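Asks: here is a sequence together with a model predicted from it:
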Amino acid sequence: MPEEKQKSSDCQYQLELGDEVVAAIVAIGYEFPWTYGRLINFPEFERFRTYFTDDNDWPEDDVDLEALCGEIHTR
């Protein structure tokens, strides 16, 4: 029997790149094994937005993604 969704609005996760916070996720519910959340995005998040969609929608041979991955690996 699946567990009922639980409220957990006090739980927040931050998406960071180095010292920069690019977005936050506030947990709004839980249903094992998933946690549901609301994305609070900051202006810094825009350059990452494409990669938070279905990967079938990503551009082919994306040089921006390669540059971004390189930056992530150096931080």
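Replies: Everything's here; your move.
Asks: need the contact list for Ala24.
Replies: Listed by Cβ atoms under 8 Å, 6 or more residues apart in numbering, the contact set of Ala24 reads 12-15, 39-40, 42. Every C-beta, even on glycine, is put in place using the N, C-alpha and C of the backbone.
Asks: format these as TSV; extra columns: distance to Pro59, neighbour count and pLDDT.
Replies: As requested, the contacts of Ala24 are exported to TSV (distance: Cβ to Cβ, whole Å; neighbours: other Cβ atoms under 10 Å; pLDDT from 0 to 100):
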residue	distance to Pro59	neighbour count	pLDDT
Gln12	31	13	88
Tyr13	27	12	90
Gln14	27	10	91
Leu15	21	18	89
Leu39	22	12	89
Ile40	26	14	90
Phe42	23	12	88
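Asks: out of those, which sit inside helices?
Replies: Counting by DSSP state H, none of the members of those fall within helices.
Asks: and of those residues, the nearest to Ala67?
Replies: Sorting the contacts of Ala24 by distance to Ala67 puts Leu15 at the head of the list, at 18.2 Å, by Cβ to Cβ.
Asks: compute the distance between that closest one and Phe48, please.
Replies: 8 Å (Cβ to Cβ, to the nearest Å).
Asks: between those two, which contacts overlap?
Replies: With contacts defined as Cβ under 8 Å, 6+ apart, the residues shared by Leu15 and Phe48 are 22-23.
Asks: between the contacts of Ala24, which sits nearest Pro33?
Replies: For these, the minimum distance to Pro33 (Cβ to Cβ) is 15.9 Å, reached by Tyr13.
Asks: my guess is that closest one contacts Val22, does it?
Replies: No - taking Cβ atoms under 8 Å as the definition, Tyr13 is not a contact partner of Val22, at 11.9 Å.
Asks: what distance do you get for Pro43 to Val21?
Replies: Separation of Pro43 from Val21 (Cβ to Cβ) stands at 11 Å.
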